[in-house]
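Asker: sequence and computational prediction follow.
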Amino acid sequence: MTTTEQPLLLLVLDLIGTFAFGLNGALTAVRAVRLDIVGVVTLGVITALGGGIIRDVLIGDVPPAAFRDWRYLALAIGGGLLAFALSQRLDRLELPINVLDAVGLSVFAVIGASKAVAFGLGVGPAIILGAVTGVGGGTIRDTLVRQVPSVLHSNLYAIPALTAAALTVLAVQVGIYGLPAALGAAAICFAIRMLGVILGLNAPRPPGVPEDR
Amino acid sequence: MTTTEQPLLLLVLDLIGTFAFGLNGALTAVRAVRLDIVGVVTLGVITALGGGIIRDVLIGDVPPAAFRDWRYLALAIGGGLLAFALSQRLDRLELPINVLDAVGLSVFAVIGASKAVAFGLGVGPAIILGAVTGVGGGTIRDTLVRQVPSVLHSNLYAIPALTAAALTVLAVQVGIYGLPAALGAAAICFAIRMLGVILGLNAPRPPGVPEDR
Amino acid sequence: MTTTEQPLLLLVLDLIGTFAFGLNGALTAVRAVRLDIVGVVTLGVITALGGGIIRDVLIGDVPPAAFRDWRYLALAIGGGLLAFALSQRLDRLELPINVLDAVGLSVFAVIGASKAVAFGLGVGPAIILGAVTGVGGGTIRDTLVRQVPSVLHSNLYAIPALTAAALTVLAVQVGIYGLPAALGAAAICFAIRMLGVILGLNAPRPPGVPEDR
């Protein structure tokens, strides 16, 4: 079992995404429940690393990559600590945080899907594991602080991740996966996600369910 | 690591159970919280595949079997989509859905226990993993939609699963495990579960705890 | 993959901690939600074994050690059954139960960290996995019964576990890990934890968050 090598640019984006997820995850947790510093940082780390850890456990790449490269853990903790220190002021930074979060979602989905393919998974599971890499950490966080995971109901979170993962797997299948394809898939995910944030878009709801239940 | 081979009849029942769990899991989720289509299908898939995935991770059979045979994923997604499409009318189908769900519980517990034994686990862990295969997916779903998992309190759900798993392990131990023993264990689980559904039976509660707390 | 050998005294403390976690975990569950006997015992077992199982899955030691030595499962179930039988009287035993629980926390953190190091993990991940061994089971239990995990907000629970894990990893690094070092690290964890229980101490909260939110 070896880590799949990623081009430098993807690695940098991956690290930025890890920091953004740690920051945003801890901030979301602070808003939802009363926590001490350990709780805030813990939830930041879980948000940043949880998705990749689930993916690595499911493909059999243990210990997870997040435990083998200290930079991921350091950036996740750093993001959580920053959220703790600045929790009162971060409201004003909502847009930049949302942008960084969308970067993380996009890069995680692409890297997660390409890693799943590299470990021999089929098309369907690879797409799912790509999306899980992107949304898994936030889902664990939401569950721990007793929120219904935002991926299940909020404006376009899972769909861009699934799209990026599907495009990645497609690119691998037709033999054109590389930095341009990865960045293209991530950019499409990023665009859909930001559109959802800005317009407040949602995926279709079951018929007959009232909007304001 | 190879998949344990199952007789054709068990495989068919396993696939039926996967579809029923996907359908029932998604339906339960729709009733509990407001979800979009991705959320509904996701919860159906988690219900259908979650128990087997936990078992496979714990016995070291990764990637999980549900990711190596596309039929499981397809049936789980199909069940979830059907629940989304018909969510208003499925109330009238409560009995058939409960029956299919009990089929899934029974078959999952038997197959889960026999697979755990095949991977070298002892009697106690194999029984537990059989039950986890049956109830694990629904437990994750309930936690994600903020319900106390029904396996912890509702009318006879864990007990039939544990019974089927125990009978399966016993049959392996005395050397009579095969299709008849598997179907027998599953039938007993099915009968106890349906009895619980029809009569509203519950397992004993702690002494002194008021019934209507 | 072999189990890391532990000195006899540590093994005994580990088994005592398993029983205490099973007892305390089941008792906490009984207080939080209405459960049947299967639910109570299940939550006791999850509390007792959950942390170690997460650690073993993440370091790749599967099936988890708790499934390979029947004494762990037996003691966890025994603790859960005792909690079920005595759930009305256990309130009077709060101090002894808290003491046993602190023993479990301390020993689990030390053993978890030393095992993670033995499986080749780095300093940061080994400390985290030590703490996860100590607090993971209770966190799963709290999530299943819809409580915010006490590790995230309550009086000094994660900090003593992290301290014990860090001291253990340090002792391994400087080559003095053995029974005395393990007991020393566990004793420090135990002392901090009991101080937190007795004085009701908490870790720092984010600035500006009202105390009684």
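Answerer: Yep, that arrived. Numbering: from 1, shown residues only, chains lettered A, B, ... in the order given.
Asker: count of neighbours near residue A:81?
Answerer: A total of 17 residues lie near residue A:81 under the criterion other C-beta atoms under 10 Å in any protein chain shown. For every residue, glycine as well, the C-beta is placed using N, CA and C.
Asker: would you map the helices across chain A?
Answerer: With DSSP state H as the criterion, chain A has helices at A:8-32, A:37-59, A:70-85, A:94-118, A:123-144, A:158-173, A:179-199.
Asker: from chain C, how far out is the residue nearest the centre of chain A?
Answerer: Closest to where the C-alpha atoms of chain A average out (C-alpha atoms, centre = their mean) is residue A:134, at 2.9 Å. Separation of residue A:134 from chain C (C-beta to the nearest C-beta, to the nearest Å): 20 Å.
Asker: same question, residue A:83
Answerer: Applying C-beta to the nearest C-beta to residue A:83 and chain C gives a distance of 8 Å.
Asker: look at that residue and report its pLDDT.
Answerer: On pLDDT, residue A:83 comes in at 89.
Asker: show me the contacts for the residue nearest to it when sequence neighbours are not counted.
Answerer: Nearest in space to residue A:83, with sequence neighbours left out and distances taken as C-beta to C-beta, 6 or more residues apart in numbering or on different chains, is residue A:26 at 3.5 Å. By C-beta atoms under 8 Å, 6 or more residues apart in numbering or on different chains, the contact set of residue A:26 is A:40-41, A:43-44, A:47, A:79-80, A:83-84.
Asker: and the two most separated of those?
Answerer: Largest separation among the contacts of residue A:26 by C-beta to C-beta: A:47 and A:84, giving 13.6 Å.
Asker: any idea how far residue A:65 is from the residue nearest to residue A:133 when sequence neighbours are not counted?
Answerer: Using C-beta to C-beta, 6+ apart and skipping residues adjacent in sequence, the residue nearest residue A:133 is residue A:112, 2.6 Å away. According to C-beta to C-beta, to the nearest Å, residue A:112 stands 11 Å off from residue A:65.
Asker: same check, this time on residue A:77
Answerer: In terms of C-beta to C-beta, residue A:77 sits 16 Å off from residue A:65.
Asker: same check on residue A:197?
Answerer: 28 Å.
Asker: hmm, residue A:43 is touching residue A:27, no?
Answerer: No: at 9.4 Å, residue A:43 does not count as touching residue A:27 under the criterion of C-beta atoms under 8 Å.
Asker: in terms of neighbours, single out the busier of the two.
Answerer: With neighbours defined as other C-beta under 10 Å, residue A:43 and residue A:27 compare such that residue A:43 has more, 32 against 28.
Asker: compare residue A:47 and residue A:84 and say which one has the larger neighbour count.
Answerer: A direct count of neighbours by other C-beta under 10 Å for residue A:47 and residue A:84 places residue A:47 higher, at 33 against 24.
Asker: doesn't residue A:64 make contact with residue A:57?
Answerer: Yes: under the criterion of C-beta under 8 Å, residue A:57 makes contact with residue A:64 at 6.8 Å.
Asker: got any residues that touch both of those two?
Answerer: Shared contacts of residue A:57 and residue A:64, counting by C-beta under 8 Å, 6+ apart, come down to residue C:58.
Asker: now residue A:62: closest residue in space that isn't a chain neighbour?
Answerer: residue C:60 (3.9 Å).
Asker: quick one, phi psi at the one you found?
Answerer: Dihedral angles of residue C:60 (phi, psi; degrees, to the nearest 10) stand at phi 90, psi 20.
Asker: hmm, it is touching residue A:61, no?
Answerer: No: the criterion here is C-beta under 8 Å, and residue C:60 misses it with residue A:61 at 9.2 Å.
Asker: my read is that the residue nearest to the centre of chain A contacts residue A:105, right?
Answerer: Yes: counting by C-beta under 8 Å, residue A:134 does reach residue A:105; the two are 4.7 Å apart.
Asker: what do the two both touch?
Answerer: residue A:161.
Asker: before we move on, back to that, and the pLDDT for the residue nearest to residue A:83?
Answerer: 91.
Asker: now find how far off-centre the helix-or-strand element of chain A with minimal mean pLDDT is within its chain.
Answerer: Every helix and strand in chain A was compared by mean pLDDT, DSSP states H and E; the lowest is helix A:8-32, with a mean of 88. Its chain's C-alpha centre and that of helix A:8-32 lie 8 Å apart, by C-alpha atoms, centre = their mean, to the nearest Å.
Asker: next one: stretch A:95-109
Answerer: That offset, for stretch A:95-109, works out to 7 Å (C-alpha atoms, centre = their mean).
Asker: buried set for that stretch?
Answerer: A:97-98, A:100-109 (16 or more other C-beta atoms under 10 Å in any protein chain shown).
Asker: likewise stretch A:77-86?
Answerer: A:77-84, A:86.
Asker: nearest residue to residue A:47 in space, please, no chain neighbours.
Answerer: residue A:25 is the one closest to residue A:47 (C-beta to C-beta, 6+ apart), at 2.4 Å.
Asker: now do the contacts for that neighbour.
Answerer: Applying C-beta under 8 Å, 6+ apart, the residues near residue A:25 are A:43-44, A:46-48, A:79-80, A:83, A:137-138, A:141.
Asker: I'd like those residues as JSON lines, with distance to residue B:204 appended.
Answerer: Output for the contacts of residue A:25, formatted as JSON lines (distance: C-beta to C-beta, whole Å):
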{"residue": "A:43", "distance to residue B:204": "37"}
{"residue": "A:44", "distance to residue B:204": "42"}
{"residue": "A:46", "distance to residue B:204": "36"}
{"residue": "A:47", "distance to residue B:204": "40"}
{"residue": "A:48", "distance to residue B:204": "44"}
{"residue": "A:79", "distance to residue B:204": "48"}
{"residue": "A:80", "distance to residue B:204": "44"}
{"residue": "A:83", "distance to residue B:204": "46"}
{"residue": "A:137", "distance to residue B:204": "39"}
{"residue": "A:138", "distance to residue B:204": "39"}
{"residue": "A:141", "distance to residue B:204": "36"}
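Asker: re the thing from before, distance-wise, check the residue nearest to residue A:47 relative to residue A:158.
Answerer: Taking C-beta to C-beta, one finds residue A:25 at 17 Å from residue A:158.
Asker: poorly predicted segments of chain A, please.
Answerer: Where chain A drops to pLDDT under 70, the residues are A:1-6, A:90-91, A:155, A:202-203, A:205-213.
Asker: who in chain A is up against chain C?
Answerer: A:30, A:33-40, A:42-43, A:53, A:57, A:62-64, A:67-68, A:70, A:73-74, A:84-85, A:87-88, A:143-146 (C-beta under 8 Å from any C-beta of the partner chain).
Asker: wait, residue A:186 touches residue A:106, no?
Answerer: Yes: counting by C-beta under 8 Å, residue A:186 touches residue A:106, with 3.9 Å between them.
Asker: now for those two: what residues contact both?
Answerer: residue A:164.
Asker: can you name the residues that contact the nearest residue to residue A:158 once chain neighbours are set aside?
Answerer: Nearest non-adjacent residue to residue A:158, counting by C-beta to C-beta, 6+ apart: residue B:38, 4.4 Å away. The contact partners of residue B:38, taken as C-beta under 8 Å, 6+ apart, are A:151-152, A:158-159, A:162, A:203.
Asker: again, only this time at 10 Å
Answerer: Counting by C-beta atoms under 10 Å, 6 or more residues apart in numbering or on different chains, residue B:38 touches A:131, A:135, A:151-153, A:156-159, A:161-162, A:202-204, B:80, B:84.
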